[in-house]
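In: need coordinates for the below:
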Amino acid sequence: MNSPSTRSDELRRLLKRSGGYFVTAAIFSLAINLLYLAGPLYMLQVYDRVISSSSEITLLMLTIALLTAFAALAGLDAVRARVLTRTSIRLDQDIAPRVMTAIIDRSAKIGGARSRLLRDFDTFRQFVTGAGIHAVFDLPWVPIYLAVIFGLHPLLGAFALACSIILIMMALLNEWIVKPPLAESSEAASRSYGFTEMSLRNTEVVRAMGMTAGLLQRWSGDRDRMLERQVTASDRAATIQSLIRFLRLSMQSLILGLGAYLVIERLTTAGAMFAASILLGRALQPVEQVVGSWRGLVAARGAFLRLRELLSAHPPHEAALTLPRPAGRVSVEALSFTVPGISRPVLRGVTFQIEPGEVLGIIGPSGAGKSTLARHIVGVQEPAAGTVRLDGSDVSSWIRSSLGRHLGYLPQDIELFADSVAANICRFNLGQDQDIIAAARMSGVHEMILRLPDGYDTQVGEGGAILSGGYRQRIGLARAVYGNPSLVVLDEPSSNLDADGDAALADCIMQLKKRGTTVVIISHRPVTISVVDKILLMREGAVEMFGPRSEILARLTRPVPVHAVQGAAS
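Out: Got it, this is the predicted structure:
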């Protein structure tokens, strides 16, 4: 098992896979910065040799050499940009699937702003492969340029070093005054994105009950806070950046004045004076660029930390032995579950067992924990205590891709994907047309699908928007029974069905039973409960009754004795 320290470094390990691209970009940066020395060297030679010797051929050759160096510099800079673009693609291929997997795991457990986490990855990826990273590659060359200026004259070098220290201190000041408002803006943005996602999932309710004005007021609170802190950070950064630009331009001019003094005192040459000015400008440019892109740097750093925390909290599942197809025996042992921040447990010591091919009906009042139990049975939620076993093996120990082939699940809130009907039914395992049609026939939706504009190729839209609730529920049922699963869990499968749909559902359950499939149904409809073998009655998160259907129904419908009523009245 991976240790926490190892897990926390997973993002760094994934980044190392693209290390070759960054090394290549760094090598190009080496060549680019070497070629930048061509300008100061040209200036030095022109003032110190060409003018004094009046040699036109020397001037011509130096000029050709300079232009050649600049052409090579431009070409290398373009190639470096191309390398970083390919780095972006490689990072996306290596890390994005892992991030998406972790987001799915996180959403199944605690929900929240899901798309924000993927935006974090894009923010980080775009920075480490964008224009801002060029300044980071050029920063290590600042000491080299300073060393060259020291070679021209120690006093010029000392002045350049002092200028660099001042700009670095300004950069640290920028970090100190910009970081707090940017962090507050990021937190407000996260809340705003989460509220936006929730609002867009409930647009029908919002429009039907005229909640738009109130919702916009609530939404604007976090949005306004985000913008206000962004403005504060931008204003502070703009002030520091303008001050740094003023200092850099002033320093480049002052070093000319210092150089002129040294020329007057016969301590250096005019060429060295101009070369030092150009070198100082080049040495200070990366510092100014880093400060200019500081907002992006802070955002990328925050995104990196959140991504590292995400991957650490949801590590990849280790390779495990692929277990054989389960028969469908389900054992729930002392299962308990609590929601953080709520003292009352959602599930309390739930224990029961069903045999392969049995149909279990779970009933109980709202809030009894029925849907939470269903999510634990299919393994999408981790219990606080206890275990759910399928054929004796803890469902959490199964490889999800392997277990998923043997499970069917229809949640209470049905979500279809923005793709074709066929793709939704077959769980995106296209190519098995007969299995798709068989699942649709079993759920009684085949004829309905054929009446759609493009049949099984009909695009259902986001969340199945073009379909009615009954259509979505029956297609979701077809997806649940696709591939002949060993265990099918149906959470309120008839909530959107009419009488024909109820009959089709009951027929589907009977077919599953004949196949030996274990079925767990959460429902209140008598037509659904009539096909179950056992009933589990839940109340306040605990099992109140469990046993054969006839026995539980008899206990539930047993009349209250008259003498008990009279006694209670007296």
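In: now do residue 433, the pLDDT please.
Out: Note on residue 433: pLDDT of 83.
In: so what's it up against?
Out: Listed by CB atoms under 8 Å, 6 or more residues apart in numbering, the contact set of residue 433 reads residue 422. All C-beta spots, glycine's among them, are computed from the backbone N, C-alpha and C.
In: next up, phi/psi of it, please.
Out: Phi and psi for residue 433, reported as degrees, to the nearest 10, are phi -60, psi -40.
In: ditto for residue 539
Out: The phi/psi pair for residue 539 (degrees, to the nearest 10) is phi -150, psi 120.
In: shouldn't it be in contact with residue 368?
Out: Yes. The criterion here is CB atoms under 8 Å, and residue 539 meets it with residue 368 at 5.4 Å.
In: between the two, who's got more neighbours?
Out: Counted by other CB atoms under 10 Å, residue 539 and residue 368 do not tie: residue 368 has more neighbours, with 22 against 14.
In: who's in contact with residue 26?
Out: Contacts for residue 26 (CB under 8 Å, 6+ apart) come out as residue 137.
In: so residue 274 touches residue 259, yeah?
Out: Yes. Counting by CB under 8 Å, residue 259 is a contact partner of residue 274 at 7.4 Å.
In: the two: which has the busier surroundings?
Out: Using other CB under 10 Å, the more surrounded residue of residue 274 and residue 259 is residue 259, with 26 against 20.
In: what strand or helix carries the residue lying closest to the more buried one once chain neighbours are set aside?
Out: Among residues not flanking residue 259 along the chain, residue 273 sits closest, at 2.9 Å (CB to CB, 6 or more residues apart in numbering). Here residue 273 sits within helix 270-292, counting by DSSP states H and E.
In: just the C-alphas of that helix, formatted as CSV.
Out: What follows is helix 270-292, C-alpha atoms only, in CSV (Å, rounded to 0.1, in the frame of the first residue of the first chain):
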residue,chain,number,x,y,z
ALA,A,270,32.5,53.4,-24.4
GLY,A,271,31.7,50.0,-25.7
ALA,A,272,31.7,48.5,-22.2
MET,A,273,29.4,51.3,-21.1
PHE,A,274,26.8,50.5,-23.7
ALA,A,275,27.2,46.8,-23.4
ALA,A,276,26.7,47.0,-19.6
SER,A,277,23.4,48.9,-20.2
ILE,A,278,22.1,46.3,-22.6
LEU,A,279,23.2,43.4,-20.3
LEU,A,280,21.5,45.0,-17.3
GLY,A,281,18.3,45.4,-19.2
ARG,A,282,18.4,41.7,-20.2
ALA,A,283,19.2,40.6,-16.6
LEU,A,284,16.3,42.6,-15.1
GLN,A,285,13.8,41.7,-17.8
PRO,A,286,12.9,38.1,-16.4
VAL,A,287,12.3,39.6,-13.0
GLU,A,288,9.9,42.2,-14.4
GLN,A,289,8.2,39.4,-16.5
VAL,A,290,7.8,37.2,-13.4
VAL,A,291,6.2,40.0,-11.5
GLY,A,292,3.9,40.8,-14.5
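In: mind listing what's buried in the next helix or strand after that helix?
Out: Using DSSP H and E, the helix or strand that follows helix 270-292 towards the C-terminus is helix 294-313. Buried residues in helix 294-313, counted by 16 or more other CB atoms under 10 Å: 294-300, 302-304, 306-308, 310-312.
In: before we move on, what about stretch 207-217?
Out: residue 215.
In: tell me the mean pLDDT for it?
Out: According to the model, stretch 207-217 has a mean pLDDT of 75.
In: residue 39: neighbour count?
Out: For residue 39, the count of nearby residues is 19 (other CB under 10 Å).
In: contacting residues for it?
Out: Contacts for residue 39 (CB under 8 Å, 6+ apart) come out as 66, 70, 278.
In: continuing past the longest helix belonging to the chain, what's the next helix or strand?
Out: Assignment by DSSP state H gives helix 56-110 as the longest helix of the chain. Where DSSP H and E defines the elements, the next helix or strand beyond helix 56-110 is helix 114-128.
In: now the element after that following helix, going C-ward?
Out: Moving toward the C-terminus from helix 114-128, the next helix or strand (DSSP H and E) is helix 132-138.
In: surely residue 533 meets residue 510?
Out: No. In this structure residue 533 lies outside contact range of residue 510 using CB under 8 Å: 11.5 Å.
In: which one of those two has more residues nearby?
Out: Between residue 533 and residue 510, counted using other CB under 10 Å, residue 533 has the larger neighbour count: 16 against 13.
In: relative to residue 504, how far out is the more buried one?
Out: From residue 533 across to residue 504, the span is 20 Å (CB to CB, to the nearest Å).
In: sounds good, over and out.
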